[in-house]
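> 3D model of this:
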Amino acid sequence: MGKALVKPLYILLMNDLLLKKSIYLLALISLVACTNGSPPSVRSNSMDSLNNSMGNPADSGSNNENIVTTPTKVYNNDRFKEVTVEQVEESKFIIRGKGQIFEANFNWVVEDGHNELLEGFEMTSAGAPEWGDFQFTVEAKKIRPNSTLMLFLFEISAKDGSRQYQLPIKLY
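Okay, the predicted model is just below:
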């Protein structure tokens with residue numbers, strides 16, 4: 001009778017151990033999948049970093065309480081970092097940032113969700129493995145009033161010509 005209870009108990013313990021191992025494996029796979037590939041990230045700077053760029057209000061002698069500022073979005077991925085967009089006119093934008101690009105050359109395209117409206121290439125101040133600065137201006141008008149214009153920065157693969165490390169940026 002003792003052997004009859006030991007066998008089912010052993011099977012239950014093995015099933016429980018297998019279940020725990022399966023849960024652990026799924027959690028590990030989920031963690032690796034979420035961090036591998038480093039998808040593009042977007043963050044908004046805090047008001048402190050905006051205030052640093054405006055200087056100390058006490059130094060200027062003026063009251064800055066009525067100034068309304070909009071936090072600047074900063075875009076990043078494995079090859080581009082600290083990328084910002086400044087809208088200087090209704091359809092004119094200045095793009096600034098840093099790139100770690102092979103031979104310091106990267107491409108860009110403006111799309112409206114249906115068509116590529118503009119395309120071009122730019123250079124950073126240094127090639128990989130250094131982070132080089134870049135700045136360029138894009139003037140893009142919407143063809144359809146309800147469309148959204150997106151700027152994509154990317155590196156062209158020397159191997160097959162495909163887009164790599166594409167960074168999507170919403171213009172307007």
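> residues in contact with residue 141?
Applying C-beta atoms under 8 Å, 6 or more residues apart in numbering to residue 141 gives the contacts residue 91. Just so you know, the C-beta spots here come from the backbone N, C-alpha and C atoms, and that holds for glycine as well.
> Check residue 95 too.
83, 84, 85, 108, 134, 135, 136, 137, 138, 151, 153, 169.
> And the second one, how close does it get to residue 94?
From residue 84 over to residue 94 the distance is 9 Å, taken as C-beta to C-beta, to the nearest Å.
> name the helices or strands packed onto the longest strand along the chain?
In the chain, with assignment by DSSP state E, the single longest strand is strand 80-89. For strand 80-89, the packing partners by 3 or more C-beta pairs under 8 Å, 6 or more residues apart in numbering; DSSP states H and E come out as strand 73-76, strand 92-99, strand 150-156, strand 163-170.
> related to what we said a few turns ago, quick one: which of the contacts of residue 95 has the most company?
residue 153 (26 neighbours; other C-beta atoms under 10 Å).
> Give me the pLDDT for it.
With respect to pLDDT, residue 153 scores 97.
> Just give the nearest non-adjacent residue to it, would you?
residue 167 (4.5 Å; C-beta to C-beta, 6 or more residues apart in numbering).
> residues near the one you found, how many?
Count around residue 167 with other C-beta under 10 Å applied: 24.
> Wait, it touches residue 74, no?
No: in this structure residue 167 lies outside contact range of residue 74 using C-beta atoms under 8 Å: 11.3 Å.
> Mutual contacts of these two, please.
Common contacts of residue 167 and residue 74, defined by C-beta under 8 Å, 6+ apart, comprise residue 83.
> Quick one: find the helix or strand in this structure with the lowest mean pLDDT.
Least confident helix or strand of the chain, by mean pLDDT, DSSP states H and E, is helix 47-54 with a mean of 34.
> so what's residue 98 up against?
80, 81, 82, 83, 124, 131, 132, 133, 134.
> Distance check, it against residue 153.
Counting by C-beta to C-beta - residue 98 and residue 153 are separated by 11 Å.
> Thanks a lot, see you next time.
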